[in-house]
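Student: how would this look folded up:
(one chain, ligands or ions: 1)
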Amino acid sequence: MRIAIGGIGHETNTFSTLRTSIDDFHVRRGSDISDDGFWAEAGGGDVEWAPTLMASASPHGLVEEQAYTQLRDELVERLRDAGPVDGVYLALHGAMEVEGVGDGESDLLRAVREVVGPDTLISASFDLHGNVAPDVVAALNIMTALRTAPHRDGGPTRRRAVAHLTRCLREGIRPVCEMVKPPLLLPGEYAITEVEPSASLYARLPEIESLPGVLDASLFIGCSWTDGPHTSPAAIVVAERDRGLAHGLAAELAQAVWDRREDFGPDVETLPVGDAVDTALSAPERTVFISDSGDNVTAGGGGDNPDIARRLIQAGASGAVVAGIADAEAVRSCSEAGVGATVSLSVGGKLDAVNGAPLDVVGIVQHLDEPADTQVATVQVGGVEIVLAADRRAFASLGAFESAGINPLDRKVVVVKLGYLFPELRDNAPRAIMALSPGFTDLRMGSLPFERVARPLYPLDRDFAWSAA
Ligand SMILES: [Zn+2]
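Tutor: Numbers count the residues shown, from 1 in each chain. Model (predicted):
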């Protein structure tokens, strides 16, 4: 059998004043996609892959129309050139919003469906932080999403989407997808799948999936920072044939999410910024990680708000590191000055000029990742090391700090531009505090200027009833 592979993935933060351009996308084409050992293993012997185009970009502001249509058109053209296929597998994120287009996945699936016709099975895998539009569910035959946040199951999720597709093709099954969406906003930071109530809810997915006639079950948390009409969690069940069965199970799962809506929350201390800094500096633990959650670059934050660095310097902190602040100009200045030089810098506050202002510092260049082509520069300002990056970058693993010449577990306070800590930091941080900072990824839903979400929507609205039935 022949199966086409493709996808365009983006998590769009519509509160960001920045835009996602074509240069922000990492694009693979043809054999660049299929050379990945994953496919040989995932397909089994009888699958011939027809790779088209796979593009993804880090979470960021609205996708420029030109960037999206260019990628979509190339994917569609390659799909058409591939000739007849038995199935299509798409790697998507969900939550892509495109200027002038709206919901990106709805548009992309319309285009793909147009090429392959109504009878070809299309299967897609998603990030659980996707917002799913009804048109997406209608266009797909098979869908599945990650089941862990922080994410640990990218490979198994893709494998599941492909395995369902090949099985359905081999056995002549035409599956059906049903979705029920509880009307709430749920930031990812409040739905860690290892802790309650998410742990119990996600534990139901394999149970649902093991029922006769059921192919797959997914629970999307959604992306709260996409201000769009489809922003909410979603319960999705794929049945082999029985639409009623799929709908009933999806409704049950959606109701369970709604019933637990007041129980979702952070699994670490959350504090206002000033308190987070004070608490970390006086903590007995050897190392305290502070998430600058309003400026979380893994959810579309600007990544250059220097406010916590400012507070640490003012507090006379020692052994503190702020990683990282996106500032290409400051990196260039450090690179030109060289290691050991004293530099005057105006740091950050340029990408997200709404929530932050530049911080003027005088410091000593401590480390450059590559003197010839510097992407990361570390500057010592009193007892605070500020890690400057030429791009918006999450220092989300211990290894990521190597480019800054720092072992974060040797420092007292480590500030990262994240919400929840990613697996390796989460597993190694002696203590973690989430600072409720302002920014494009503000966790305080009430302080964001929502305009396009469907109302009523908890917790923006609290005085309404909802039932999945
Ligand atoms: Zn995600």
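
Student: contacting residues for residue 180?
Tutor: Contact partners of residue 180, counting by C-beta atoms under 8 Å, 6 or more residues apart in numbering, are 234-235, 247, 250-251, 253-254, 468. Backbone N, C-alpha and C define where each C-beta goes, glycine included.

Student: one more time with 10 Å, if that's ok
Tutor: Shown in contact with residue 180 (C-beta atoms under 10 Å, 6 or more residues apart in numbering): 233-237, 246-255, 257-258, 468-469.

Student: only the buried subset of those residues, as a PyMOL command please.
Tutor: Per 16 or more other C-beta atoms under 10 Å, the buried members of the contacts of residue 180 correspond to this PyMOL selection:
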select buried, resi 233+234+235+236+237+246+247+248+249+250+251+252+253+254+255+257+258+468
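
Student: which ones among the contacts of residue 180 are found in helices?
Tutor: 246-255, 257-258 (DSSP state H).

Student: taking the protein, what residue is nearest to the ion?
Tutor: Residue nearest to the ion within the chain (C-beta to the ion): residue 129, separated by 3.5 Å.

Student: ok, and the closest non-adjacent residue to residue 218?
Tutor: The shortest distance from residue 218 to any non-neighbouring residue, by C-beta to C-beta, 6 or more residues apart in numbering, is to residue 145 (4.1 Å).

Student: need the per-residue pLDDT for that neighbour.
Tutor: Listed pLDDT for residue 145 reads 98.

Student: that one and residue 183, how far apart?
Tutor: From residue 145 over to residue 183 the distance is 19 Å, taken as C-beta to C-beta, to the nearest Å.

Student: neighbour-wise, which of the two wins?
Tutor: Legend: neighbour count by other C-beta atoms under 10 Å for residue 145 and residue 183, higher for residue 145 (28 against 20).

Student: is it true that the more buried one touches residue 156?
Tutor: No - contact criterion C-beta atoms under 10 Å: residue 145 and residue 156 do not qualify, at 11.4 Å.

Student: any common contacting residues for those two?
Tutor: Joint contacts of residue 145 and residue 156 (C-beta under 10 Å, 6+ apart) are residue 125.

Student: residues of the stretch 101-250 of the chain that sit close to the ion?
Tutor: Within reach of the ion by C-beta under 5 Å from the ion, the stretch 101-250 of the chain has these residues: 127, 129.

Student: show the contacting residues for residue 446.
Tutor: Counting by C-beta under 10 Å, 6+ apart, residue 446 has contacts 185, 459-460.

Student: whoops, I mixed them up, residue 41
Tutor: By C-beta under 10 Å, 6+ apart, the contact set of residue 41 is 155, 159, 162.

Student: got it, and residue 281?
Tutor: Per C-beta under 10 Å, 6+ apart, neighbours of residue 281: 288, 311-312, 315-320, 412-413.

Student: can you tell me how far it is from residue 363?
Tutor: 19 Å.

Student: CA atoms only: put the lowest-mean-pLDDT helix or strand in the chain into CSV for me.
Tutor: When each helix and strand of the chain is scored by mean pLDDT, DSSP states H and E, helix 37-43 comes last, with a mean of 86. Taking Å, rounded to 0.1, in the frame of the first residue of the first chain, the C-alpha atoms of helix 37-43 are listed here in CSV:
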residue,chain,number,x,y,z
GLY,A,37,14.3,5.2,10.5
PHE,A,38,10.9,5.6,12.1
TRP,A,39,9.0,4.9,8.9
ALA,A,40,10.6,1.6,8.0
GLU,A,41,9.8,0.4,11.4
ALA,A,42,6.3,2.0,11.6
GLY,A,43,5.0,0.7,8.3
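
Student: past that helix, which element shows up next along the chain?
Tutor: Next along the chain after helix 37-43, taking DSSP states H and E as the criterion, comes strand 48-56.

Student: what angle sits between the helix or strand just after that next one and strand 48-56?
Tutor: Under the assignment DSSP H and E, the closest C-terminal helix or strand after strand 48-56 is helix 65-81. Here the directions of helix 65-81 and strand 48-56 differ by 180 degrees (axes from the mean of the first three to the mean of the last three C-alpha atoms, to 10 degrees).

Student: mind saving the C-alpha coords of helix 65-81 as CSV?
Tutor: Output of helix 65-81 as CSV, limited to C-alpha atoms (Å, rounded to 0.1, in the frame of the first residue of the first chain):
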residue,chain,number,x,y,z
GLU,A,65,-0.6,34.2,5.4
GLN,A,66,2.1,34.1,2.8
ALA,A,67,4.2,31.7,4.9
TYR,A,68,1.3,29.3,5.4
THR,A,69,-0.1,29.3,1.9
GLN,A,70,3.4,28.7,0.5
LEU,A,71,3.8,25.6,2.6
ARG,A,72,0.3,24.4,2.1
ASP,A,73,0.5,24.8,-1.7
GLU,A,74,3.8,23.0,-1.9
LEU,A,75,2.5,20.1,0.3
VAL,A,76,-0.6,19.9,-1.9
GLU,A,77,1.5,19.9,-5.1
ARG,A,78,3.7,17.2,-3.9
LEU,A,79,0.7,15.2,-2.8
ARG,A,80,-0.8,15.5,-6.2
ASP,A,81,2.5,14.6,-7.9
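
Student: counting by contacts, list what it packs against.
Tutor: Applying 3 or more C-beta pairs under 10 Å, 6 or more residues apart in numbering; DSSP states H and E, one finds that helix 65-81 makes contact with strand 2-9, strand 26-29, strand 48-56, strand 97-98, helix 104-116.
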